[in-house]
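>>> Provide a 3D model corresponding to the input given below.
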Amino acid sequence: MADLFNDDPPQPSADESSADAPLADRLRPAVLAEIIGQEHLTGPEGAIGRMVTAGRLSSTILWGPPGTGKTSIARLLADAVGMRYQAVSAVFSGVADLKKAFAAAETAKKAGQRTLLFVDEIHRFNRAQQDGFLPFVERGVVTLVGATTENPSFELNAALLSRAQVLILHRLDAEALGKLLDRAEELEGPLPLTPQAKDALIASADGDGRFLLNQAETLYNAKIESPLDPAALGQFLQRRVAVYDKDREGHYNLISALHKAVRGSDPQASLYYMARMLVAGEEPLFLARRLVRMAVEDIGMADPAALTQCMAAKDAYQFLGSPEGELALVQACIYLATAPKSNAVYKAQKAAFRSARETGSLMPPMNIVNAPTKLMKDVGYGKGYTYDHDADEGFSGDNYWPEGMPRQEFYQPVQRGFERKVQERLDYWAKLRDERS
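Residues are numbered from 1 along each chain as shown. Next up is the predicted model:
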């Protein structure tokens, strides 16, 4: 019955698909489990996986970069829950096309068939056109699945957003893109590339699986006899290909250079190495993680706000995506490079961990251990504890170290940035401690 109301042409099976079809079409996944790089959504615990398990879909906006599988997910969602699939594109469709789609969905509903209406580039519809979806979504005539590369917060009506959940698709990382090329090579044979050139081709795709497969198809069609190296690949494709292997030496060389430039307080060099990595296709969240590490390892208490800046940059990137969110990472990078430097926290962690391993299970002094029961209080747990807030100047000067273990000095601030103030406090407390001991 569903075929009576489906305006889309029937899709050929894998056996029937033409060998002349584009490589990206021939490699389209047949089930949701074959979608690459979006397991956070399609896996059993993901939003899409849960909807499929329940057999009920809610209206959804798929937001993500080009070539990440939005169209395939929508088509396979309909198959997975037995819904009729109908697709329109905001680029090519107008009001008449929408009316036709809604009329077909109404007819299908009367016949007991639910419709998943996929709207590609939904942000290209104007506000009035977007409002036109609302009554059909509210009445259950269609379950709307819209796809957009733009931030839905800015491009879609609030009324439409309130009736749909927004799912964020990840930019395909090197591992996911590598799997796509593996599938292509299973179908067409080995690519005429050296291993380094293959890595460079993946990096040049900038997370776009469709672009990567189109480039691979160009290479297959050229009937190249000898494998191309990165330089020859860039010349052949007439596209600059960054020589960058994201899991080998080039990757570690550049992240090391970025870290050391930040540590060396050179914001210009820091920006250069960050740009090198982003332009070559590095995963921005990898850089966000490294910036957080720099904030606590090389700046620490000299400027505690450095960590806050990095976490805010990570949140901003996850909210905006690429390329807008990369500006937040650049801001964090500049902040770190221009901040006062201290590795005192890093050294303190190392020293404290070493001491903890060496001293084993020494008990804290009895006056500061917990005493939740009467018996424990009777045998002396918590006895003699001084509540510091009640002491003069809010400082008791008590000994908090295990019996028999001398006081240690793990954290030693430097005389830079905020740590100058911290050192003043430590010196003041040490003076009071000496007086009261």
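
>>> return the distance of residue 78 relative to residue 364.
As judged by Cβ to Cβ, to the nearest Å, residue 78 and residue 364 stand 62 Å apart. (Each C-beta comes from the backbone N, C-alpha and C, glycine too.)

>>> out of those two, which sits in the busier spot?
residue 78 (23 against 12; other Cβ atoms under 10 Å).

>>> specify the local secondary structure of the more buried one.
In three-state terms, and counting by DSSP: H, G, I helix; E, B strand; the rest coil, residue 78 is helix.

>>> correct me if wrong: it contacts residue 85.
Yes. Using Cβ atoms under 8 Å, residue 78 is in contact with residue 85, at 3.8 Å.

>>> quick check: neighbours shared by these two?
Shared contacts of residue 78 and residue 85 (Cβ atoms under 8 Å, 6 or more residues apart in numbering): 116, 118.

>>> just for this protein, where's the confidence low?
Low-confidence segments of the chain, defined by pLDDT under 70: 1-19, 239-250.

>>> longest helix anywhere in it?
Across the chain, the longest stretch assigned as helix under DSSP state H is helix 419-436.

>>> identify each buried residue in that one, please.
Residues 419, 422, 423 are the ones in helix 419-436 that count as buried (16 or more other Cβ atoms under 10 Å).

>>> go on, stretch 26-46?
26, 27, 28, 29, 32, 35, 36, 37, 38, 41, 42, 46.

>>> how far off centre is it?
17 Å (Cα atoms, centre = their mean, to the nearest Å).

>>> measure it end to end?
One end of stretch 26-46 sits 27 Å from the other (Cα to Cα, to the nearest Å).

>>> contact partners of it?
14, 17, 19, 47-50, 52-53, 68-69, 72-73, 76-77, 79-80, 167, 169-170, 172-173, 176-177, 179-180, 183-184, 187, 209, 213.

>>> let me know the helix or strand that the nearest residue to residue 134 once chain neighbours are set aside is in.
Spatially, and ignoring its direct neighbours in sequence, residue 134 is nearest to residue 159 (6.0 Å; Cβ to Cβ, 6 or more residues apart in numbering). In the assignment (DSSP states H and E), residue 159 maps to helix 158-161.

>>> check which helices and strands that helix sits against.
helix 127-131, helix 134-138 (3 or more Cβ pairs under 8 Å, 6 or more residues apart in numbering; DSSP states H and E).

>>> contacts for it next, please.
For helix 158-161, the surrounding residues in contact (Cβ under 8 Å, 6+ apart) are 61, 130, 131, 133, 134, 137, 152, 153.

>>> and with 6 Å instead?
residue 130 (Cβ atoms under 6 Å, 6 or more residues apart in numbering).

>>> when you give positions from now on, start the count at 61
Noted, 61 is the first residue going forward, which turns the last one into helix 218-221.

>>> next helix or strand past that helix?
Per DSSP H and E, the first helix or strand lying C-terminal to helix 218-221 is strand 225-228.

>>> got the domain boundaries for this structure?
Under the assignment automatic domain parsing, the domains of the chain span 62-228, 234-297, 309-398, 424-496.

>>> so where do the helices sit in the stretch 261-410 of the chain?
Along the stretch 261-410 of the chain, counting by DSSP state H, counting those that start in this stretch, helices occupy 269-281, 290-297, 309-323, 327-339, 344-354, 365-380, 386-398, 404-419.

>>> now do the fourth one and helix 386-398, the angle between them.
Angular relation of helix 327-339 and helix 386-398 on a 0 to 180 degree scale: 150 degrees, by axes from the mean of the first three to the mean of the last three Cα atoms, to 10 degrees.

>>> report all helices and strands that helix 327-339 contacts.
Packed against helix 327-339, as judged by 3 or more Cβ pairs under 6 Å, 6 or more residues apart in numbering; DSSP states H and E, are the following elements: helix 309-323, helix 386-398.

>>> swap the cut-off to 8 Å and go again
Using 3+ Cβ pairs under 8 Å, 6+ apart: helix 327-339 touches helix 309-323, helix 344-354, helix 386-398.

>>> residue 213 versus residue 130, what's the distance?
Using Cβ to Cβ, one gets 18 Å for the distance from residue 130 to residue 213.

>>> next up, the contacts around the closest residue in space to residue 185 that isn't next to it in sequence.
Leaving aside its chain neighbours, residue 185 sits nearest to residue 150 (4.8 Å; criterion: Cβ to Cβ, 6+ apart). The contact partners of residue 150, taken as Cβ under 8 Å, 6+ apart, are 179, 180, 181, 182, 183, 184, 185.

>>> cutoff 7 Å now
Going by Cβ atoms under 7 Å, 6 or more residues apart in numbering, residue 150 touches 179, 180, 181, 182, 184, 185.

>>> repeat that for residue 322.
For residue 322, counting by Cβ under 7 Å, 6+ apart, the contacting residues are 330, 354, 358, 393, 396, 397.

>>> how close does it sit to residue 353?
10 Å.

>>> checking the closest residue in space to residue 400 that isn't next to it in sequence next. Helix, strand or coil?
Distances taken as Cβ to Cβ, 6+ apart place residue 477 nearest to residue 400, at 3.1 Å, with adjacent residues excluded. Here residue 477 is coil, with the state taken from three-state DSSP.

>>> OK, contacts around residue 477?
362, 363, 400, 402.

>>> one more pass at 10 Å, please.
Neighbouring residues of residue 477 by Cβ atoms under 10 Å, 6 or more residues apart in numbering: 359, 360, 361, 362, 363, 364, 366, 399, 400, 401, 402.

>>> so what's the residue count around the first one?
In other words, residue 359. By the criterion of other Cβ under 10 Å, residue 359 has 31 neighbours.

>>> that one contacts residue 365, doesn't it?
Yes. With contact defined as Cβ atoms under 10 Å, residue 359 counts as touching residue 365 (9.2 Å).

>>> now for those two: what residues contact both?
By the contact definition Cβ under 10 Å, 6+ apart, residue 359 and residue 365 are jointly contacted by 395, 399, 478.

>>> surely the last one meets residue 400?
Yes. Using Cβ under 10 Å, residue 478 makes contact with residue 400 at a distance of 7.6 Å.
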